[in-house]
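1. Predicted model and sequence follow; I will ask about them next.
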Amino acid sequence: MPFDDAAGAVRRTLTVHVPVERAFAIFTERLEVWWPREYTWGKEAMESIGIECHEGGFCYETGPNGFLCHWGRVLEWDPPHRLVLSWQISPERAPEPNPDKASEIEIRFIAEGPRTIVEFEHRCFGRHGEGGARYRAAMDSPQGWTYILQRYASEAT
């Protein structure tokens, strides 16, 4: 199935030097290690960040005193090849509980011998409303997905 061809998607491709199963597992099961703390609500107080590893599972962050924030859902779960998430974080960096106002992230993991090609796409920014174009620009900047995925790639070596 081809990626969504809608104008404005943010796309990145990177190579990690681990087998596809490991690349997928690091992305989905080790967010607490590679996800930038400065890109969480709890920052230094964050206790965990994760993805429930099944279709319909939550993407979440936890913190002190029972703090829990759902920031997405697993829309498609096909280990170790593909993952699609709803991105329920608004342009103001606040949780967006309405799934109709969520953008989507698709990550594909393609085995290439002992390494893995990771194809990443963040799409449907228009669902975020007026701030969608500004949000897209921020996520397409060096401090957006480029930085976040570099952190992932450093962990997946």
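-> Noted; the coordinates are in hand. All of these numbers come straight from a predicted model, not from anything done at the bench.

2. strands paired with the strand or helix carrying E121, and their directions?
-> According to DSSP states H and E, E121 maps onto strand 115-123. As defined by DSSP bridges, the strand partners of strand 115-123 come to strand 10-16 (antiparallel), strand 103-112 (antiparallel).

3. Alpha carbons of it, as CSV, please.
-> This file holds the C-alpha atoms of strand 115-123, laid out as CSV (Å, rounded to 0.1, in the frame of the first residue of the first chain):
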residue,chain,number,x,y,z
ARG,A,115,20.2,-3.4,8.4
THR,A,116,16.8,-1.8,8.1
ILE,A,117,15.5,1.0,6.0
VAL,A,118,13.0,3.1,8.0
GLU,A,119,10.4,5.1,6.0
PHE,A,120,8.6,7.6,8.1
GLU,A,121,5.6,9.8,7.1
HIS,A,122,3.6,12.3,9.2
ARG,A,123,0.4,13.3,7.3
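
4. Can you check what angle separates the next helix or strand after that strand from strand 115-123?
-> On the C-terminal side of strand 115-123, the nearest following helix or strand under DSSP H and E is helix 132-139. Between the axes of helix 132-139 and strand 115-123, defined by axes from the mean of the first three to the mean of the last three C-alpha atoms, to 10 degrees, the angle is 150 degrees.

5. Check which residues of the next helix or strand after helix 132-139 are buried.
-> Later in the chain than helix 132-139, the nearest helix or strand by DSSP H and E is helix 147-155. Judged by neighbour count using 16 or more other C-beta atoms under 10 Å, the buried positions of helix 147-155 are 148-149, 152-153, 155. Quick note: C-beta positions are derived from backbone N, CA and C, even for glycine.

6. now swap in stretch 49-63 and tell me
-> Of the residues in stretch 49-63, 49-51, 57, 59-61, 63 count as buried by neighbour count, 16+ other C-beta under 10 Å.

7. Same question for stretch 72-81.
-> When burial is assessed from 16+ other C-beta under 10 Å, stretch 72-81 yields the following buried residues: 72-75, 77, 80.
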